[in-house]
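A.B. asks: Here is my input; please provide its structure:
(2 chains)
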Amino acid sequence: MSLLNKDLEQLQTASNFKFSATKVTDLGASEYTLVVIACDTSGSVSDYHDELEKMLKTILKSCQHSPRKENLMLRLTTFSDQLSETHGFKLLDQIKESDYDGVIQIGGMTALHAAGVDAVESATLYGRQLMGNEILANAIVFIITDGAENASGGITAGRINKAVKAAVTEETLESLTVVLVGVTRDDKNLGQYLETFKNDAGITQYIDIGTATPGKLAKLAQFVSHSISSTSQALGSGAPSKPIAFSV
Amino acid sequence: MEIGSTHRVCQDYALTSPESYHQYPTAIICDGCSDSENVDVGARILAHIAMLSANVIPHSQPLVVGDFIIQQADRVIQMLGLDRTALDATLLIAVAQDTGRVTINMWGDGVAVIRSAGRTEIIHVNFPSGAPAYLSYGLSKSRTEGYANEFGLKRVVTIIRKYDTEQTPSVLERQDTEVFKPLAWTTCAPEYVLLASDGVNSFEDEHSVAIDYHQIVRELTAFKSLTGEFIRRRMNFFNRKMRKENNSHYDDLSIAGISFEQPRAETETAQLDGGVQPVAGCSSGMAGADGQICGDGPR
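C.D. replies: You can find the predicted model right below:
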């Protein structure tokens, strides 16, 4: 277990993905937006892994300056052949920027589907726990990838779809938004693949940032922060926030 | 706070302050009179001055407290160029002392709930005339006389006391005529103290049949935990349930409370937290209108 997850509760999803989360008894607010960022760390991101790390730190800092920071919780995972949880659902004042130093550990393949199921199910299960303690919650999940699925051991995009539908049907989360971010390097085939994946997996929104230049990753950080802010502001309204447009 | 269906502006105001801001965690409710103008402003002024009073005057002297609050509030209202009828509001205050003792003072109508080890007390104050006697009436002899002539002098206090080990609560009802003086209680080492405006009396089901206030209070106090925003959490889910059951309320509802579940006490309306060290072992009691304590002792 990562030291960053010390003092967190260990939980397990329906698909047996393990994750960590702040104990509900340690929470004081009446509502939270749960944010999950699942970041691809397969071999192909090695060209821009420093920029990816910087982007994650920017998102963290932005959330920590949000007027709604007391009502946000963030979970960060990375995926290549395996899934790895950098930290579980934590309050923002419990996360330091330095916790993200060296967070992008380059691996091999791309367990995209597993990352999707893990992210959605963890948000749903934790949301259920919060709801059981009369804490309102909604969730937004970001899956950032530059490649196609090739390492999830048989987990299909349909499993993600099923997890998304379950979250909606259960009504444990006020809303669930899943955003797929494609770093396609303007590869039309990959773009088409990810568009199809988005539909098969029941994902809310797909954005293609093309090539991962520092400028585009900075814009992506801004987009992610705005989306989180918008989702947080929608909490209590009973509805999801409107998707934020991304432009490069 | 929840605005009633017949109001366009919420005339209730709830305020709390934790130990980190003021010495004594305090919870306050003000419920403005619908027939007076600018009571939404007046209720806020009363509440904030009442908050100030918690740190300068012992709340075990309710007559002194009331006098201080209304005189200061009157000054502010006059500075704003508003009529003093803007201060026509009920005022409920709970102050936790560093001994773990909580003092509750009530001017006008409303509800206080005291939860201590093994028992829950609901203290319901009502004016059968339908017109609560506000603290602000004391600013003018003609107003107190006018009130007495029009509405009479009758205040009814109902105390519902239920022990966890018993099925049926005991109900005690008392009446008095000292309507311009506050009702006061002290209680020691409670788990929580909750104040609510008389909006608890205004709930109706989908067939417009009135829902008993102690049913509403039971729902409002079904806390899963007493930490952080415990009241807001409960209110959120209470609202969901009411909407689902097509229930409604025509009067504003506000709630404020102090909890002592942790070694540090939490205060909350819909917002803040606080801290105090509770002291074990004491009795709760009701003070007569002149401020004399008449305790009923622990069971």
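
A.B. asks: switch to C-alpha atoms for all contacts and neighbour counts from now on
C.D. replies: Will do.

A.B. asks: what residues are up against the residue of chain A found nearest chain B?
C.D. replies: Residue of chain A nearest chain B, by Cα to the nearest Cα: A:Gly28 (3.7 Å). A:Gly28 is in contact with B:Thr227, B:Gly228, B:Glu229, B:Phe230, counting by Cα atoms under 8 Å, 6 or more residues apart in numbering or on different chains.

A.B. asks: want to throw the residues you listed into a markdown table with neighbour count?
C.D. replies: Output for those, formatted as a markdown table (neighbours: other Cα atoms under 10 Å in any protein chain shown):
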| residue | neighbour count |
| --- | --- |
| B:Thr227 | 25 |
| B:Gly228 | 24 |
| B:Glu229 | 24 |
| B:Phe230 | 30 |
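
A.B. asks: among those residues, which are in helices?
C.D. replies: Counting by DSSP state H, these place B:Phe230 in helices.

A.B. asks: Throw the contacts of A:Gly28 into TSV and include distance to chain A, thanks.
C.D. replies: Shown next, in TSV, are those (distance: Cα to the nearest Cα, whole Å):
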residue	distance to chain A
B:Thr227	6
B:Gly228	4
B:Glu229	5
B:Phe230	7
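
A.B. asks: Just flag the most distant two among the contacts of A:Gly28.
C.D. replies: Spatially, the most separated pair among those is B:Thr227 and B:Glu229, at 6.4 Å (Cα to Cα).

A.B. asks: do you know how far the residue lying farthest from the centre of chain B is from B:Met242?
C.D. replies: The C-alpha centroid of chain B is most remote from B:His207, which lies 28.9 Å away (Cα atoms, centre = their mean). The spacing between B:His207 and B:Met242, counted by Cα to Cα, to the nearest Å, is 13 Å.

A.B. asks: Pull the distance from stretch A:135-150 to the chain's centre.
C.D. replies: 4 Å (Cα atoms, centre = their mean, to the nearest Å).

A.B. asks: Those residues of chain A touching chain B, which are they?
C.D. replies: A:Leu27, A:Gly28, A:Ala29, A:Ser30, A:Glu31, A:Asn133, A:Glu134, A:Ile135, A:Leu136 (Cα under 8 Å from any Cα of the partner chain).

A.B. asks: what sits against the fifth one?
C.D. replies: For A:Glu31, the contacting residues are A:Asn71, A:Ile135, A:Leu136, A:Ala137, A:Leu235, B:Arg233, by Cα under 8 Å, 6+ apart.

A.B. asks: Which one of the residues of chain A next to chain B sits in the busiest neighbourhood?
C.D. replies: Within the residues of chain A next to chain B, neighbour counts (other Cα atoms under 10 Å in any protein chain shown) peak at A:Ile135, which reaches 26 neighbours.

A.B. asks: Show the contacting residues for it.
C.D. replies: With contact set as Cα under 8 Å, 6+ apart, A:Ile135 has these partners: A:Ala29, A:Ser30, A:Glu31, A:Tyr32, B:Arg233.

A.B. asks: cool, B:Arg119 as well?
C.D. replies: Each residue near B:Arg119 by Cα under 8 Å, 6+ apart is listed here: B:Arg161, B:Lys162, B:Tyr163, B:Asp164.

A.B. asks: Next one: it from A:Ala212, what distance?
C.D. replies: Here the criterion is Cα to Cα. By it, B:Arg119 lies 63 Å from A:Ala212.

A.B. asks: And B:Val179, by the same measure?
C.D. replies: B:Val179 is 73 Å from A:Ala212, where distance means Cα to Cα.

A.B. asks: now swap in A:Asp50 and tell me
C.D. replies: 11 Å.

A.B. asks: Looking at these two now, which is surrounded by more residues?
C.D. replies: Shown here are A:Asp50 and A:Ala212; by other Cα under 10 Å, A:Ala212 has more neighbours (21 against 15).

A.B. asks: My reading is that the more buried one lies in a strand. Confirm?
C.D. replies: No: assignment of A:Ala212 by DSSP: H, G, I helix; E, B strand; the rest coil gives coil, placing it outside any strand.

A.B. asks: Please identify the residues of chain B in proximity to chain A?
C.D. replies: B:Lys224, B:Ser225, B:Thr227, B:Gly228, B:Glu229, B:Phe230, B:Arg232, B:Arg233, B:Arg234, B:Asn236, B:Phe237.

A.B. asks: Try it again at 10 Å.
C.D. replies: Counting by Cα under 10 Å from any Cα of the partner chain, chain B comes close to chain A at B:223-238, B:270-273.
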